[in-house]
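Peer 1: Got a sequence here, can you build the structure:
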Amino acid sequence: PDNELDLQLRLRRFERLMQRRPLLLNSVLLRQNPHNVNEWLKRVSLFEGKPREIVNTYTEAIKTIDPKLATGKLSKLWIEFAKFYEENKQLKESRIIFEKAVLVPFVKVDELADVWSHYVEMELRHECYEEALKHVRVATQPPPHKPSYFDRTESVQNRVYRNLKLWAMYADLEESLGDFTTTKNVYYRILDLRIASPQVILNFASLLEEKNYFEESFKIYERGIGMFKWPLVYDLWTTYLSKFVTRYGGEKLERARDLFEQALDNCPEKFAKSIFLLYAKLEEDYGLKRHAMEVYNRATQAVLKEEQAEMFSIYITRATACFGVTHTRQIYEQALETLPDNDARTFGQRFAELETKLGEIDRARSIYIHTSQFADPRQCSEFWRLWQTFEVAHGNEDTFREMLRIKRSVRDKYSTQSSFNMPADATSAAAAVSTDPMQQIQKDVQFVRGNEQTQAGTGQNPDEIALDDDDDEDEDEDDEEEEEEEEGTGEGDGGEDEGRIVKQCVPDEVFGKLAEQANKDQDDDL
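Peer 2: Down below sits the predicted model:
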């Protein structure tokens, strides 16, 4: 029995020790560092459900911690202490705690501002609105000598009047509980202290606009713009310009243009796009279309490289809508000179398709030739497929051969430049190409002959140029024969050379309506 009693006693002691272990561990940590705020808050949580111990712990912590040596935010300890009394419906004691807390010499001004803000919020929760306004006015009241916010030789109580968090709360309270005049005065005091943020400027201007003080709101925008630099000023500029154009439209066009020019002065490329678009829309709606095109042209050079292609697309679209498709030729040419290879190839295709629709076949072919320098045949098969389709539909044997020659030269150029780091997909594509380039050429030529014979059989184009039977010879031999023929023709040795000239039919599409008139005249002669 004695052994069992001793065992039970030891087990009870062990259980008691285990229950007290967190508290004992916390006591050890606090002995190591009695200024640790977080450990004091943990100790309070260990006494949950024991109000007397909680109050004693808070009191001991406040007496023990030195604000200059505190680890963690000492303001949180005071705030939690006041909340404890508030949760237990002891509002008077909570106010006493806050009144003592605002006198504590905290290390940072933000900690004192947190105490004041929680003090005001407590009054608002209990619908004590006048008390809340009174507290925030006291907190923002400047001392007689007005020290700098970052002057650490001054106490935080003398520097807290420049804390933006308290002033923003003050402005919100005046806007909700006060009148327009007191609210406006609060915002002007914020501006005079030069502690306003871009959001405060936007809020103040929006308040004035709601009360129909438009010119005064525009002055606030300008004052805010003078306080900040890029990129903080971006939201102010975009909002200001949008509001100004919405308010005046074309009534004050010169003033609006001056504002846009000021906004674009020293504007980073990252933020230029939206401002240029607003500027161009102003010119389109209220100014001159020509000025709008100049703005779009400036925008293509002022935006980021990644946004240039999109800006050129918008430029072309608006130029087409304002002046017609013929006005876009210069824009396309500028895009081909400015954009990187991938985007230049895309715009070159669009340019060639436009010229084809306008019936400018030679111009379209020249564009394809110029754009081909950006199109690696191993990776840009779509471009060469479009060009081949174009030559089949509008070209002849010579133009098709020229296209194949350019394709080979471009392929050789890219092979020389990038053979050491060719991508995997490009390698596989190159492997798929026949080792004999002349064999591929003959296949392409046969493809053209087949298309022409099909068109001739169906009667679509009886005047299409027929391919000679000697197309199976090498291209080099054809070039030598053509050179010999040219030399023979240049020497002018007589009718024998002239007899070699073969008359070929020219498609009617080349002459357009003139061919129809000529055929009609021949029928009349017959």
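Peer 1: My guess is C380 contacts R345. True?
Peer 2: Yes: with contact defined as Cβ atoms under 8 Å, C380 reaches R345; the gap is 6.5 Å. Backbone N, C-alpha and C define where each C-beta goes, glycine included.
Peer 1: intersection of neighbour lists for these two?
Peer 2: Here C380 and R345 share the contacting residues F374, scored by Cβ atoms under 8 Å, 6 or more residues apart in numbering.
Peer 1: So what's the residue count around T64?
Peer 2: 11 (other Cβ atoms under 10 Å).
Peer 1: now do the one 10 residues further on
Peer 2: Neighbouring residues of L74 were enumerated by other Cβ under 10 Å; the total is 27.
Peer 1: show me the contacts for it.
Peer 2: Here L74 is in contact with 37, 65, 67, 104, 106-107, 111 (Cβ under 8 Å, 6+ apart).
Peer 1: what does the strand or helix carrying R52 contact?
Peer 2: Element membership for R52 (DSSP states H and E) is helix 51-64. Here helix 51-64 makes contact (Cβ under 8 Å, 6+ apart) with 34-35, 37, 40, 43-44, 47-48, 77-78, 80-81, 84, 88.
Peer 1: now do 10 Å
Peer 2: Contacts with helix 51-64, where a contact means Cβ atoms under 10 Å, 6 or more residues apart in numbering, come from 30, 34-37, 39-41, 43-48, 50, 74, 77-78, 80-82, 84-85, 88, 93, 97, 100-101, 104.
Peer 1: Could you check the pLDDT of the most centrally placed residue in the chain?
Peer 2: By Cα atoms, centre = their mean, the chain has its centre lying nearest to K270, at 7.2 Å. pLDDT for K270: 91.
Peer 1: any idea what sits nearest it, other than its immediate chain neighbours?
Peer 2: In space, and not counting its chain neighbours, K270 is closest to L304: 6.2 Å by Cβ to Cβ, 6 or more residues apart in numbering.
Peer 1: my read: the one you found touches F276, true?
Peer 2: No: the pair L304 / F276 is not scored as a contact, 12.0 Å apart, by Cβ atoms under 10 Å.
Peer 1: between the two, which one's more packed in?
Peer 2: Ranked by neighbour count (other Cβ under 10 Å), L304 and F276 place F276 first, with 23 against 14.
Peer 1: Tell me which helix or strand the more buried one sits in.
Peer 2: helix 269-286.
Peer 1: and that helix, what does it pack onto?
Peer 2: Applying 3 or more Cβ pairs under 10 Å, 6 or more residues apart in numbering; DSSP states H and E, one finds that helix 269-286 contacts helix 234-248, helix 253-264, helix 289-302, helix 308-323.
Peer 1: export the first one as PDB, just CAs?
Peer 2: These are the backbone C-alpha positions of helix 234-248, laid out as PDB (Å, rounded to 0.1, in the frame of the first residue of the first chain):
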ATOM      1  CA  TYR A 234       1.200  57.700 -63.500                       C
ATOM      2  CA  ASP A 235      -2.200  57.200 -61.900                       C
ATOM      3  CA  LEU A 236      -2.500  61.000 -61.300                       C
ATOM      4  CA  TRP A 237      -1.800  61.800 -64.900                       C
ATOM      5  CA  THR A 238      -4.100  59.200 -66.400                       C
ATOM      6  CA  THR A 239      -7.000  60.200 -64.100                       C
ATOM      7  CA  TYR A 240      -6.400  63.900 -64.600                       C
ATOM      8  CA  LEU A 241      -6.300  63.700 -68.400                       C
ATOM      9  CA  SER A 242      -9.400  61.500 -68.500                       C
ATOM     10  CA  LYS A 243     -11.400  63.800 -66.200                       C
ATOM     11  CA  PHE A 244     -10.200  66.900 -68.100                       C
ATOM     12  CA  VAL A 245     -11.200  65.500 -71.500                       C
ATOM     13  CA  THR A 246     -14.500  64.200 -70.200                       C
ATOM     14  CA  ARG A 247     -15.300  67.600 -68.600                       C
ATOM     15  CA  TYR A 248     -14.300  70.000 -71.500                       C
END
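Peer 1: Next, the angle helix 253-264 makes with that helix.
Peer 2: Relative orientation of helix 234-248 versus helix 253-264 (axes from the mean of the first three to the mean of the last three Cα atoms, to 10 degrees): 170 degrees.
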